[in-house]
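Sequence and predicted model, in that order:
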Amino acid sequence: MLEPELKDIWNNSSRTSQITFETNQLIDELNAKVSDIQKKIRNRDLREISASLFGILIFGYMLYEIPFPITKLACGFSIMWFVFVIFKFKQSKQQNMPAKFSLSLIEQFEYQEATMQYQANLLESAAYWYSAPAFVTNLIFIVGLGNPVDYSWSNSIAESFLPLTINLKIMTIIALALFYSFTIWVNKRAVIKGIEPLLNSIKSMGQQLKKE
């Protein structure tokens, strides 16, 4: 074998080793990012489920205590909405499981891609299944609040935080509209800044591994 051929084999061999090393390093970095965002998602799911359970208790009490019919109806809708939210985030929790080591590397990346795509869709559609229903049920709740005197009802604790006057109702509705608009913006920003770049990296790395 001629000396130039030996040099070519050596150079090609070195280049292959370098590519393999760089690929492995990128995979490790990507897995670390996926693990970090999955941890944040698990914390979010736990926080939302806990808040929903607390919400069921609060609105269950108000359903029992408050005499206004429309507000009672809104309390019932709110409880059903909280149950739905718990169901949604339990689904998210199931989808957010780490990839099994028994899967091949390509299959693990496909699993990660499906997981991140699910989370992106969940946040993108949150305006329809999270913010809008919550705002509507709260709106019905507030509009349905009447004059306690008309119902011979007295509860100093409830009356201290319920918006019973017209001005307080308007201010509360505006505050809720701003809050849920901000929630929609936060969710969309989380997709654009956090999940989409990671999802694109996963797709790119998966395609690269299939070519190799």
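Received, thanks.

ok, for the residue nearest the centre of the chain, nearest residue in space, not its chain neighbours?
Taking Cα atoms, centre = their mean, the centroid of the chain lies closest to Leu123, which sits 5.3 Å from it. Excluding the flanking residues, the one nearest Leu123 by Cβ to Cβ, 6 or more residues apart in numbering is Asn187, at 4.3 Å. For the C-beta atoms, the positions are set from N, CA and C on the backbone; glycine is no exception.

Kindly report the same for Leu176.
Asn138 (5.4 Å).

just Leu53 next, same as before
Nearest to Leu53 is Ile86, by Cβ to Cβ, 6+ apart, at 7.2 Å.

returning to what we had before: what's the helix or strand for the residue nearest to the centre of the chain?
helix 105-124 (DSSP states H and E).

all helices for the chain, in order.
3-65, 69-95, 105-124, 126, 132-143, 156-161, 166-190, 196-211 (DSSP state H).

rewinding a little: list the residues that contact the residue nearest to the centre of the chain.
Residues near Leu123 by Cβ atoms under 8 Å, 6 or more residues apart in numbering: Asn187, Lys188, Ala190, Val191, Ile195.

Would you mind putting these into CSV with distance to Pro163 alongside?
CSV is the format used below for the contacts of Leu123 (distance: Cβ to Cβ, whole Å):
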residue, distance to Pro163
Asn187, 27
Lys188, 29
Ala190, 31
Val191, 33
Ile195, 37
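
Make a PyMOL selection of the buried ones in these.
Selection of buried members from the contacts of Leu123 for PyMOL, criterion 16 or more other Cβ atoms under 10 Å:
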select buried, resi 187+190+191+195
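
What residues does the residue nearest to Leu176 make contact with?
Ala74, Ser78, Leu176.

quick one, which of the helices of the chain is nearest to Val149?
helix 156-161 (11.0 Å; Cβ to Cβ).

Need the contact partners of that closest one.
By Cβ under 8 Å, 6+ apart, helix 156-161 touches Met62, Glu65, Ile66, Pro148.

go again using 10 Å as the cut-off
When contacts are defined by Cβ atoms under 10 Å, 6 or more residues apart in numbering, helix 156-161 is touched by residues Tyr61, Met62, Glu65, Ile66, Pro148, Trp153, Leu164.

Just want to check the distance between the last one and Gln91.
Between Leu164 and Gln91 the distance is 38 Å, computed by Cβ to Cβ, to the nearest Å.

neighbour count winner among these two?
Leu164 (16 against 13; other Cβ atoms under 10 Å).

close enough to count as contact, that one and Gly144?
No. Contact criterion Cβ atoms under 10 Å: Leu164 and Gly144 do not qualify, at 11.3 Å.

which residues touch the closest residue to Ser92 other than its chain neighbours?
In this structure, Ser92 finds its nearest non-sequential neighbour in Asp45, 5.2 Å apart by Cβ to Cβ, 6+ apart. Neighbouring residues of Asp45 by Cβ under 10 Å, 6+ apart: Ile86, Lys88, Phe89, Lys90, Gln91, Ser92, Lys93, Gln94, Gln95, Asn96.
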